[in-house]
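[1] fold the following and give me the result.
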Amino acid sequence: MIEGFVALYIFMLAAFTGYEVISKVPVILHTPLMSGSNFIHGIVLVGTMVALGHAATPLEQLIGFVAVILAAGNAVGGYVVTERMLEMFKTSRGGK
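    Coordinates of the predicted model:
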């Protein structure tokens, strides 16, 4: 397993790289990329459910349950935000 400062270094490097990549995405590509990330969040949700299924102790079950709740909220929230963003691009038909 990765320990101590190596894990912290990898986390900080990943956070910095993620920020730099996301900050350079053009506005026009934000909605399609967000839909793709929602797909990944769905996979994370499945992974948390599998981990919860293999939990043995009550503490592991509690952590797994919290992980499932957070992953589900993340996936659903992403789809809600994407839907709201797509509503902005629809034309209103109130004219003629």
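
[2] can you give me phi and psi for Thr91?
    For Thr91, the backbone dihedrals (degrees, to the nearest 10) come out as phi -90, psi 150.

[3] swap in His54?
    Note on His54: its backbone torsions stand at phi -100, psi 0 [degrees, to the nearest 10].

[4] what sits against it?
    Neighbour list for His54: empty [criterion: CB atoms under 8 Å, 6 or more residues apart in numbering]. Every residue, glycine included, has its C-beta placed from N, CA and C.

[5] right, and the helix or strand after the strand or helix carrying Ala15?
    Assessed by DSSP states H and E, Ala15 sits inside helix 4-23. Where DSSP H and E defines the elements, the next helix or strand beyond helix 4-23 is helix 30-53.

[6] same for that following helix, what does it pack against?
    helix 58-89 (3 or more CB pairs under 8 Å, 6 or more residues apart in numbering; DSSP states H and E).

[7] what's the angle from the helix it packs on to helix 30-53?
    With axes from the mean of the first three to the mean of the last three CA atoms, to 10 degrees applied, the angle from helix 58-89 to helix 30-53 works out at 160 degrees.

[8] before we move on, the earlier item: next, the buried residues of the helix holding Ala15.
    The neighbour-count criterion (16 or more other CB atoms under 10 Å) identifies no buried residues in helix 4-23.

[9] what is the burial count for Leu45?
    Leu45: 19 surrounding residues under other CB atoms under 10 Å.
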